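K.L.:
need coordinates for the below:
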Amino acid sequence: MAEATHEDLAQPFFVVHVIWHPASAIGEAIAISLMQHFRRDVYKNIVGGSGIPVIFRSTCLADAPTPIRLPLDDSETSATIVILDEALTSSTDWHEYVREIAVRVSEFSSTGFRRMLFPVSIHKEALNQLPMSQQALRWDTWEGDDDAKVQRLRNELTYEFCRMLRYNLAQLEAPTERRIEDYVKKVQVFLSHSKHDGEGAAIAQAIRLRIFQGHGLATFFDVNDIPAGLHFDEILLLHVRVSAMVAIHTDSYSSREWCRKEIIEAKTWNVPLVVANSISTVDERSFPYMGNVPLVRLGHDATNVDRIDIVVGRLLEEVLKDYLWRCQTHEIRAALPARAIFIPRPPELISLSCIPTVFPEDSQGQTPHELMLIYPDPPLNTEEQRLLSRVAPHVRISSLNEWKAGANR
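P.N.:
Numbers count the residues shown, from 1 in each chain. Just a heads-up that it's a prediction; the model follows:
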């Protein structure tokens, strides 16, 4: 079988730029926090290298009042964050530097959303001193100390990056004219919980309220949003397939039939999934298919908004990883035969159960190619490889980098 080329992976699909005035202490702190966040291990397994590339523009050359020109052609898509505080807005040279970037980004935006500019207003006068047509992230209106605001900024930017990549993925799959209504559609969140103990419903309600207050994410919340006249099971499972999911793991969760169905459906359709551990006493039989995804300790206190914010932030990261994976592998997926299946998380037994038994090329009388299951790095450990090999010896399972290197398991 002819292998697809990998030139499409040489250039990063998504890059983050951060711009701040060299005299801005808060600008530097935000930039370092964003770099540490988007370059950590949670993204390395999707994009390889050091995670999502983060490029700084702050330091000026000895004979120049502003940094070197920002590259906007170093990736397929990019997000530029500009920290607007007194140090930047009081400088005429920096005004011109930022305006030039805004003009270039707007030129790209006229045909799509491959380049986006996100101003961050540190003080309320910033937008008056340096007016910008792009909607700003209003740091100056947020509550809490700087650490809390930095965490909120990371979450807000992650959500905006999800919008960008979702739109650009749709353009890769079926190009259309620029449609802002497609860009601003919200990401749905499905809150899977048990009503058998009172804690599950209370925690779900608290997460739902916090999401609406803090991030504007649309949620699908159990029976409250099921239209009259439709079958409960059909609409419930339909929403699981098109949402990101938080599974609120309370004591009775694993014993409830519909909770188990929701987990299996989410795994079957590879939707972003986070388990919020809210065990109070004991789970007599932990449901085996809740593994292989991030597990966040939430507790059973529905009023603990700090822990809820961590759960929501981790879910946003899973959504961003999913879009990144699908964008970055789009070209090679299109070049490979139907028997190459890309999944957004390490394979497990349920992954093997979802493999089709019949492929289009088989029905056309062609010789079937080897079935490949390709997943994000790093490679599975030896114990997992052996187990999956015993169950499906006919399937070649490789991480993306293993496949690129031509490695067989």
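K.L.:
count the neighbours of residue 72 for me.
P.N.:
For residue 72, the tally of surrounding residues (other C-beta atoms under 10 Å) stands at 17. For the C-beta atoms, the positions are set from N, CA and C on the backbone; glycine is no exception.
K.L.:
right, and it touches residue 103 too?
P.N.:
No - with contacts counted by C-beta atoms under 8 Å, residue 72 stays clear of residue 103, the gap being 10.9 Å.
K.L.:
surely residue 127 touches residue 84?
P.N.:
Yes - counting by C-beta under 8 Å, residue 127 touches residue 84, with 7.1 Å between them.
K.L.:
which neighbours do the two share?
P.N.:
119, 121, 136 (C-beta atoms under 8 Å, 6 or more residues apart in numbering).
K.L.:
what is the burial count for residue 377?
P.N.:
By other C-beta under 10 Å, the residues close to residue 377 number 16.
K.L.:
pull the residues that contact stretch 136-156.
P.N.:
Residues from elsewhere that reach stretch 136-156, judged by C-beta under 8 Å, 6+ apart: 26, 29-30, 33-34, 37, 84, 118-124, 126-127, 157, 214-215, 309, 312-313, 316.
K.L.:
correction: stretch 199-215
P.N.:
Contacts for stretch 199-215 (C-beta under 8 Å, 6+ apart): 152, 155-156, 159, 189, 191, 193-195, 217, 219, 221-222, 246, 248, 250-253, 276, 278, 280, 298, 300, 302-303, 305, 308-309, 311-312, 316.
K.L.:
buried members of those into ChimeraX, please.
P.N.:
Selecting only the buried entries of the contacts of stretch 199-215 in ChimeraX, with 16 or more other C-beta atoms under 10 Å as the criterion:
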select :152,155,156,159,189,191,193,194,217,219,221,222,246,248,250,251,252,253,276,278,298,300,302,305,308,309,311,312,316
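K.L.:
show me the contacts of stretch 199-215 that map onto helices.
P.N.:
Counted as lying in helices by DSSP state H, out of these, are 152, 155-156, 159, 305, 308-309, 311-312, 316.
K.L.:
helix or strand with the lowest mean pLDDT in this protein?
P.N.:
Using mean pLDDT, DSSP states H and E, helix 360-363 stands out as the lowest-scoring helix or strand of the chain, at a mean of 55.
K.L.:
sitting in helices, which of the contacts of stretch 136-156 do you find?
P.N.:
Per DSSP H, the subset of those in helices is 26, 29-30, 33-34, 37, 126-127, 157, 214, 309, 312-313, 316.
K.L.:
and these, which of them are buried?
P.N.:
26, 30, 33-34, 37, 126-127, 157, 214, 309, 312-313, 316.
K.L.:
sorry, back to before: and which of the ones in helices among the contacts of stretch 136-156 is nearest residue 354?
P.N.:
When the ones in helices among the contacts of stretch 136-156 are compared for distance to residue 354 (C-beta to C-beta), residue 316 wins out at 25.1 Å.
K.L.:
how far away is the closest one from residue 64?
P.N.:
37 Å (C-beta to C-beta, to the nearest Å).
K.L.:
follow-up on the earlier one: out of the ones in helices among the contacts of stretch 136-156, who's nearest residue 350?
P.N.:
Distances from residue 350 to these, taken by C-beta to C-beta, are shortest for residue 316, at 23.9 Å.
K.L.:
might one say that that closest one is in contact with residue 162?
P.N.:
Yes - because the distance of 6.7 Å satisfies C-beta under 8 Å, residue 316 is recorded as touching residue 162.
K.L.:
ranking the shared contacts of residue 127 and residue 84 by neighbours, who comes first?
P.N.:
Ranking the shared contacts of residue 127 and residue 84 using other C-beta under 10 Å puts residue 119 first, with 24 neighbours.
K.L.:
ok, it - contacts?
P.N.:
81-82, 84, 127, 132, 134, 136-137.
K.L.:
need the worst-confidence member of the ones in helices among the contacts of stretch 136-156.
P.N.:
Ranked by pLDDT, the ones in helices among the contacts of stretch 136-156 bottom out at residue 214, which scores 66.
K.L.:
and the angle from the strand or helix carrying residue 82 to helix 25-38?
P.N.:
Here residue 82 sits within strand 77-84, counting by DSSP states H and E. Counting by axes from the mean of the first three to the mean of the last three C-alpha atoms, to 10 degrees, strand 77-84 lies at 150 degrees to helix 25-38.
K.L.:
other residues contacting the very next helix or strand once past strand 77-84?
P.N.:
In the C-terminal direction, the helix or strand that comes right after strand 77-84 (DSSP H and E) is helix 86-89. The contact list for helix 86-89 (C-beta under 8 Å, 6+ apart) reads 20-24, 27, 82, 94-95, 98, 122-123, 125-126, 129-130.
K.L.:
for stretch 400-409, same thing?
P.N.:
If you take C-beta under 8 Å, 6+ apart as the criterion, stretch 400-409 is touched by 3, 6, 9, 48, 329, 372, 374-377, 379, 385, 389, 396-398.
K.L.:
if you count neighbours, what's buried in it?
P.N.:
Buried, per 16+ other C-beta under 10 Å, within stretch 400-409: 400, 402-404.
K.L.:
ditto for stretch 274-292
P.N.:
In stretch 274-292, counting by 16+ other C-beta under 10 Å, buried: 274-279, 283, 287, 289-290, 292.
K.L.:
count the neighbours of the nearest residue to residue 241 once chain neighbours are set aside for me.
P.N.:
Distances taken as C-beta to C-beta, 6 or more residues apart in numbering place residue 269 nearest to residue 241, at 4.5 Å, with adjacent residues excluded. Residues lying near residue 269 (other C-beta under 10 Å) number 15.
K.L.:
ditto for residue 137
P.N.:
21.
K.L.:
how close does it sit to residue 153?
P.N.:
Distance, residue 137 to residue 153, using C-beta to C-beta: 6 Å.
K.L.:
that older thread, I'd like the buried residues of stretch 400-409 as TSV, with distance to residue 170 appended.
P.N.:
Formatted as TSV, the buried residues of stretch 400-409 follow (distance: C-beta to C-beta, whole Å):
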residue	distance to residue 170
400	22
402	29
403	25
404	26
